[in-house]
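[1] Quick one: sequence plus predicted model below, questions after.
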Amino acid sequence: MPTDNQPTTITLADFQQNLDATFAQVADQGQEIIIQRPEGQAMVLVSLADYNSWQETVHLFSTEANRLNLARGMQEAAEGKGVSVDVKALIAERKG
């Protein structure tokens, strides 16, 4: 397995022959696998957790307003302007 977090490319035949091991590699090691089909189409196998994370990132950056808010928040954090919050206390407060 590559150590630089680059996806591994395998053929469809290799994927079919090593189905369980390939799924384990994706699930246990967070590795993306590119499956090259004979017709030239390629598919990517990723864990559901990674897919959901990517979808969340796409959503967060989907509007200019969100992008600007995120950039401003990151800048403020870098400048030490962040505020420490006790998440458990905040949740308890909101439940009420």
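    That came through, no problem.
[2] can you pull the contacts of the residue most central in space within the chain?
    The residue lying closest to the centre of the chain (CA atoms, centre = their mean) is D50, at 3.4 Å. Going by CB atoms under 8 Å, 6 or more residues apart in numbering, D50 touches 30, 32. Using the backbone N, CA and C atoms, a C-beta is placed for each residue, glycine as well.
[3] Average the pLDDT values over the helix or strand containing it and round to the nearest integer.
    Using DSSP states H and E, D50 maps to helix 48-60. Mean pLDDT, helix 48-60: 94.
[4] Mind listing what's buried along that helix?
    For helix 48-60, a neighbour-count test (16 or more other CB atoms under 10 Å) marks nothing as buried.
[5] Please export the C-alpha coordinates of it as PDB.
    What follows is helix 48-60, C-alpha atoms only, in PDB (Å, rounded to 0.1, in the frame of the first residue of the first chain):
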ATOM      1  CA  LEU A  48     -18.700   5.800   3.700                       C
ATOM      2  CA  ALA A  49     -17.000   8.000   6.400                       C
ATOM      3  CA  ASP A  50     -14.700   9.600   3.800                       C
ATOM      4  CA  TYR A  51     -17.600  10.100   1.300                       C
ATOM      5  CA  ASN A  52     -19.700  11.800   4.000                       C
ATOM      6  CA  SER A  53     -16.800  14.000   5.000                       C
ATOM      7  CA  TRP A  54     -16.300  15.000   1.300                       C
ATOM      8  CA  GLN A  55     -20.000  15.800   0.900                       C
ATOM      9  CA  GLU A  56     -19.900  17.900   4.000                       C
ATOM     10  CA  THR A  57     -16.900  19.900   2.700                       C
ATOM     11  CA  VAL A  58     -18.600  20.400  -0.600                       C
ATOM     12  CA  HIS A  59     -21.700  21.700   1.200                       C
ATOM     13  CA  LEU A  60     -19.700  24.000   3.500                       C
END
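[6] Which parts of the chain belong to which domain?
    The chain breaks down into these domains under automatic domain parsing: 8-47, 61-95.
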